[in-house]
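K.L.:
structure for the following, please:
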Amino acid sequence: MANPLPLHERHVAAGATFEAVSDWELPVAYGAPADEYKRARHDVGLVDRGHFGILELTGRDRATFLHALVSNEVKALSPGQGCAATLLDVHGKVQVVLVVWVVADRIFVVTPPAMARKTAEALDHYLFSEKVVIRDVSGETALLVLVGPKAPETSERLMGARPPATAWAHVEGKLGEIPLRLVSGGGETGEAEVWIAGPAAEAPKIWDALVAAGARPLGLVAFESLRIEAGTPVFGHDVDESVLLPEIPFANLASESKGCYPGQEVVVRIRDRGHVNRVLRGLVLEGDQVAPSGAEVIADGAPVGRVTSATWSFGLGRPIALAFLRRQHAEPGSAVSVRLGERAVAANVSALPFTR
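P.N.:
Okay, here's the model as predicted:
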């Protein structure tokens, strides 16, 4: 049975319909996904991230320890800064995509759903004499996201602060006496985003205050349209442990100047002396049918890739998808087909993000 989000009753009260996604029962829509999409594009929407994981690293060696393991710069980050990063295996394949927030006395690591324990175990595997304590604080933390051009001003009006616009920069805020951390998102939706982390026990009060301030709940259908239009791959759907880091857009996930970390040698070798055989691209489909995940992509009568995520694009008014394609067929503008049951539907390859 799928797990309900901690704020499940708030979603029910808002009129949500639900769908089981992996191990979670998630709000799919609150009535009209097109209206939710429009709200996020022009005003402010609200997303519940109560199923994400959060780890807390403390101890004097926390920054150097994490820096040595992930693909992006951590050691040089000051309190109030952050980054997105990956943990790779020695073959350069993505084990998890992470977000790092550095504060004065600790580092928070945000993981995808169901990945907190596995990530903690992976980090602990490399922990020898370093002074670092890794603690899973997922159950102690409420995590919500404001999405849309009015997200920063809503944050400032309601919680007394807005984070700097730089991705993953963060500041402290308050809702009454409730302490919060306000974090600029990384552009997952193509709009301004403010992540809000606070005490789990106060989650209903935080949700109610945000809704009262004008933020409208954003279901999975509308959110996927935003995300896929923005060309953002998600771990567990578009990225898994079979994916090499250079196969996906990774400029915001890796530092080209930092020292050694697991998998770096493969990433550098591909960058300097070779290429990957497949890459993640967008597809714009003819017709009105959304492709299922895993649908085969065809060119010249032969399979050349597969769909990883797909949605109806409210911005383009047609189906779009993210797909891994063989390098020879990945040039934007190339004509391909997507197999939908017994028929093949014409599609064009798109660069990411999609042009709306």
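
K.L.:
tell me how far residue 238 lies from residue 157.
P.N.:
For residue 238, the distance to residue 157 equals 35 Å [C-beta to C-beta, to the nearest Å]. All C-beta atoms are positioned from the backbone trio N, CA, C, and that covers glycine.

K.L.:
so which of the two has more stuff around it?
P.N.:
Each of residue 238 and residue 157 has its neighbours counted (other C-beta atoms under 10 Å); residue 238 has more, 22 against 12.

K.L.:
any idea what sits nearest the more buried one, other than its immediate chain neighbours?
P.N.:
Excluding the flanking residues, the one nearest residue 238 by C-beta to C-beta, 6 or more residues apart in numbering is residue 308, at 4.1 Å.

K.L.:
the one you found: what's it in contact with?
P.N.:
233, 237, 238, 280, 293, 321, 322, 323, 324 (C-beta atoms under 8 Å, 6 or more residues apart in numbering).

K.L.:
go again using 10 Å as the cut-off
P.N.:
Remark: with contacts taken as C-beta atoms under 10 Å, 6 or more residues apart in numbering, residue 308 is in contact with 228, 233-234, 237-240, 243, 248, 280, 293-295, 321-324.

K.L.:
same check, this time on residue 24
P.N.:
2, 3, 4, 5, 18, 50, 51, 113, 114.

K.L.:
which non-adjacent residue is nearest the last one?
P.N.:
Counting by C-beta to C-beta, 6+ apart, the nearest residue to residue 114 once its immediate chain neighbours are dropped is residue 23, at 5.8 Å.

K.L.:
was I right about the one you found contacting residue 3?
P.N.:
Yes: using C-beta atoms under 10 Å, residue 23 is in contact with residue 3, at 5.6 Å.

K.L.:
ok, back up a step: of the contacts of residue 308, which belong to helices?
P.N.:
Under the assignment DSSP state H, the contacts of residue 308 contribute residue 228 to helices.

K.L.:
could you turn the buried ones of the contacts of residue 308 into a PyMOL selection?
P.N.:
In PyMOL syntax, the buried subset of the contacts of residue 308 is picked out as below (16 or more other C-beta atoms under 10 Å):
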select buried, resi 228+233+234+237+238+239+243+248+280+295+321+322+323+324
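
K.L.:
from the contacts of residue 24, pick the one nearest residue 149.
P.N.:
residue 50 (24.5 Å; C-beta to C-beta).

K.L.:
measure the residue nearest to residue 114 to residue 48 for me?
P.N.:
Counting by C-beta to C-beta - residue 23 and residue 48 are separated by 15 Å.

K.L.:
these two: who's more crowded?
P.N.:
The neighbour count for residue 23 versus residue 48, taken as other C-beta under 10 Å, is higher for residue 48 (24 against 11).

K.L.:
for the more buried one, give me its contacts.
P.N.:
Residues in contact with residue 48, defined by C-beta under 10 Å, 6+ apart, are 5-8, 10-11, 16, 26-27, 142-145, 203, 207, 217-219.

K.L.:
again, only using 6 Å
P.N.:
Contacts for residue 48 (C-beta atoms under 6 Å, 6 or more residues apart in numbering) come out as 5, 7, 144.

K.L.:
element containing the residue lying closest to residue 159 once chain neighbours are set aside, please.
P.N.:
Among residues not flanking residue 159 along the chain, residue 173 sits closest, at 3.8 Å (C-beta to C-beta, 6+ apart). If you go by DSSP states H and E, residue 173 is part of strand 170-175.

K.L.:
for residue 345, same thing?
P.N.:
strand 343-350.
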